[in-house]
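K.L.:
Take this sequence and fold it.
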Amino acid sequence: DEFAKDMGEYETVEELKKGIEDDMLKRKQESAQNAFEDAVIDALVENVEGEIPECMFENRAKEDVDSFAQRIAQQGIDLDTYLMYMGMDKETFQGQMKERAVSEVKIDLAIEKIIEVEGLKASDEAVEEEYAKMAEMYQLDVEKIKELVPAATVAAELAKQDAFKLVIDSAKAK
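P.N.:
As a prediction, this is how the structure comes out:
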């Protein structure tokens, strides 16, 4: 019991055990939910039909490579050095980014179509709530956030979130 008290929030060993069990269960449930959501998104990508111009995939892959290179450059490493450390050549890396880009483009197109078909649109109240959350997260005044991030951008992101939620909630596990 003394050990449990030293852990902070527990009075007895039984409470500590229960707390650990609850934490483990919560992590397993979150992991299962994440795996389910990933499977649903994978199925969504597989079921996207239509002709998608190859340039959309190529442009997204280039954007992803450039973005990745910028992120690691901020840490003081250039892309070629990173690839050398990873034992990967540029063509392999770009191929991996292209595979990811294909999936990303298909997800974007599917979500855009769902937003259109379902008529999803963020309410003004939801946009204001999102601004408040962002202001709290970045510890800035709401008005400053509004200057930096247009309302249309916030509304579009909220509509995407609603579309993803609709897809996940509509999915049936097998």
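K.L.:
Show me what the lengthiest helix in the chain is packed against.
P.N.:
Taking DSSP state H as the criterion, the chain has its longest helix at helix 13-46. If contacts are counted by 3 or more Cβ pairs under 8 Å, 6 or more residues apart in numbering; DSSP states H and E, helix 13-46 sits against helix 2-6, helix 90-118, helix 151-170. Bear in mind the C-beta positions are built from the backbone N, C-alpha and C, glycine included.
K.L.:
Give the buried residues for the longest one.
P.N.:
Think helix 90-118. Within helix 90-118, the residues that count as buried by 16 or more other Cβ atoms under 10 Å are 93-94, 97-98, 101-107, 110-111, 114-115.
K.L.:
what's the angle from the next helix or strand after the longest helix of the chain to helix 90-118?
P.N.:
Using DSSP states H and E, the helix or strand that follows helix 13-46 in sequence is helix 54-73. Between helix 54-73 and helix 90-118, the angle comes out at 120 degrees (axes from the mean of the first three to the mean of the last three Cα atoms, to 10 degrees).
K.L.:
Quick check: which helices or strands does the following helix or strand past helix 54-73 pack against?
P.N.:
Using DSSP H and E, the helix or strand that follows helix 54-73 in sequence is helix 79-86. Judged by 3+ Cβ pairs under 8 Å, 6+ apart, helix 79-86 is in contact with helix 54-73, helix 90-118.
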